[in-house]
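Undergrad: mind folding the following:
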Amino acid sequence: MPELPEVETIRHQLAKKLIGKKLNGQPITKIRRRAKLLIIDFKDGSSLVFHLKLTGQLIFNGKPSSYTRKVFYFDDGARLVFNDARKFGWWKKVKDTKKTESQFGPEALEVDFPTLKDGLKKHPRAEIKRLLMDQKFIAGIGNIYSDEILFAAKVHPFRKINTLNDQEIRQIHQNIKRILKDAIQYHGTTARDYSDAYGNQGNYASRLKVYGQEGKKCPRCGTIIKRIKRGRSSHFCPKCQIL
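TA: Sure thing, here's the model as predicted:
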């Protein structure tokens, strides 16, 4: 957290505000996202790369606070404030991003069904949720959206890949794109610390079906949603998502 929808929201907002501005004399030409990274490209070919990790925020013209780790001042007086309460996030200036970007698998919004299916089949004993969250396997999905995707696909998060049939894999593929696009439209999910580039909370939390809903009724069948902590917490319906 933030995951793909949150970082994509910030990317879209900052692109409107920062492209064309100069940082230390260098014009910004593009703002990109790769997996959960936000990348600011400069005219000289260098880039500023951010990973927000758990609690990172990038606020355009934000007011610095006790959680502020860095303020980037642009040549016209505008600023970009990087807050991070837990201090796990990072930024770095690089000459090019090829090495950094090569660490990730295909983008979740771009992967096609054959690629996803073939990739899954290479990990027959892996649990589906852990693989969806593996950024080297597929880039951009974290704890929130893996729970939501698997609920929509009616697949238990602890199912092994070799137990999934083609129709279940197709449902996972379709819901990866549907749910991530829907979350982007609502500017992401604020579970705790996430805010967009204007300091506003995301609006997707009200649309979550299972994540953070333990003890509530499943919106599909009425069974009580369960939460199991196995490394990361997983939320699911024990009736709709049978192990």
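
Undergrad: do I have it right that Thr9 meets Thr190?
TA: No. Here Thr9 does not reach Thr190: they are 10.8 Å apart, not a contact under C-beta atoms under 8 Å. For the C-beta atoms, the positions are set from N, CA and C on the backbone; glycine is no exception.

Undergrad: longest strand in this protein, please.
TA: When the chain is parsed with DSSP state E, its longest strand is strand 26-34.

Undergrad: which of Thr9 and Thr190 has more neighbours?
TA: Of the pair Thr9 and Thr190, Thr9 is the one with more neighbours under other C-beta atoms under 10 Å, namely 26 against 18.

Undergrad: for that one, pull up the helix or strand it's in.
TA: helix 4-18 (DSSP states H and E).

Undergrad: which neighbours do Thr9 and Thr190 share?
TA: Overlap of the contact sets of Thr9 and Thr190 (by C-beta atoms under 8 Å, 6 or more residues apart in numbering) consists of Gly202.

Undergrad: can you point out the buried residues in stretch 214-229?
TA: Judged by neighbour count (16 or more other C-beta atoms under 10 Å), stretch 214-229 contains these buried residues: Cys218, Ile225, Lys226.

Undergrad: the longest helix along the chain to helix 4-18, inter-axis angle?
TA: Taking DSSP state H as the criterion, the chain has its longest helix at helix 166-185. If you take axes from the mean of the first three to the mean of the last three C-alpha atoms, to 10 degrees, helix 166-185 sits at 30 degrees to helix 4-18.

Undergrad: wait, what's in contact with the residue most central in space within the chain?
TA: In the chain, the residue lying closest to the centroid (C-alpha atoms, centre = their mean) is Glu3, at 1.5 Å. Residues near Glu3 by C-beta under 8 Å, 6+ apart: Lys36, Gly140, Ile141, Gly142, Asn143, Ile144, Tyr145, Gly188, Thr189.

Undergrad: point out the other helices and strands that the longest helix of the chain packs with.
TA: Secondary-structure packing of helix 166-185 (3 or more C-beta pairs under 8 Å, 6 or more residues apart in numbering; DSSP states H and E): helix 4-18, helix 113-121, helix 128-132, helix 143-153.
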